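Asker: Quick check, what structure comes out for this input:
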Amino acid sequence: MSLVSIRIITANLNGLVKFYEHVTGMPVVQYTPDFAELQTKTATLAIGSTRTLQFFGGADVAQASQNRSAIIEFLVDDVEKDYKRLVDFLKPYLVQKPTTMPWGNKSLLFRDPDGNLVNLFTPVTPETIKKFETKT
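Answerer: Have a look, this model is predicted:
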């Protein structure tokens with residue numbers, strides 16, 4: 001089994017597409033007015049409008065802008081470099097400047113426009129560098 005995708009449900013598809021393109025520097029492919037994907041080497045961040053919920057059982061299946069338990073994480077080459085590139089853009093969204101975590105990653109935490117927590121991180125200890133060397 002492989003985890004291949006995480007999907008965000010939003011009432012602001014165009015806003016999230018622009019946000020994630022800016023943050024990652026990667027293109028987000030918008031297949032329809034209601035569905036887009038940011039494809040990385042290891043997984044896909046899908047973005048679906050609230051109108052897509054009809055295909056999953058109705059509007060009550062998920063609620064846009066309500067996430068308070070998951071973190072969307074992106075492995076980056078140099079989190080400090082990304083922070084410098086994004087510092088002005090992320091001001092209204094910033095949760096925590098780059099900080100080394102006890103488990104060996106340096107993490108930059110911020111929220112997207114819907115309030116989803118996002119972590120850009122770089123492994124900094126020998127153990128975490130080895131752990132992620134096949135993912136870069």
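
Asker: So the closest residue to residue 73 other than its chain neighbours: helix, strand or coil?
Answerer: Computed as Cβ to Cβ, 6 or more residues apart in numbering, the closest residue to residue 73 that is not its neighbour in sequence is residue 119, at 4.5 Å. Placement of C-beta: from N, CA and C, glycine included. Three-state assignment for residue 119 (DSSP: H, G, I helix; E, B strand; the rest coil): strand.

Asker: Quick check: residue 119 touching residue 106?
Answerer: No: assessed by Cβ atoms under 8 Å, residue 119 is found out of contact with residue 106, at 10.4 Å.

Asker: Tell me how many other residues surround the closest residue to residue 42 other than its chain neighbours.
Answerer: Setting aside the residues directly before and after it, residue 42 is nearest to residue 135 in space (Cβ to Cβ, 6+ apart), at 5.7 Å. Neighbourhood size, residue 135 [other Cβ atoms under 10 Å]: 11.

Asker: residues in contact with residue 135?
Answerer: Contact analysis of residue 135 by Cβ atoms under 8 Å, 6 or more residues apart in numbering lists 41-42, 75.

Asker: Show me where this protein has its strands.
Answerer: Under the criterion DSSP state E, the chain contains strands at 5-10, 29-32, 35-39, 44-49, 71-75, 94-100, 105-111, 117-123.

Asker: Describe which strands the shortest one pairs with in its sheet and in which direction.
Answerer: I take that to be strand 29-32. strand 35-39 (antiparallel) (DSSP bridges).
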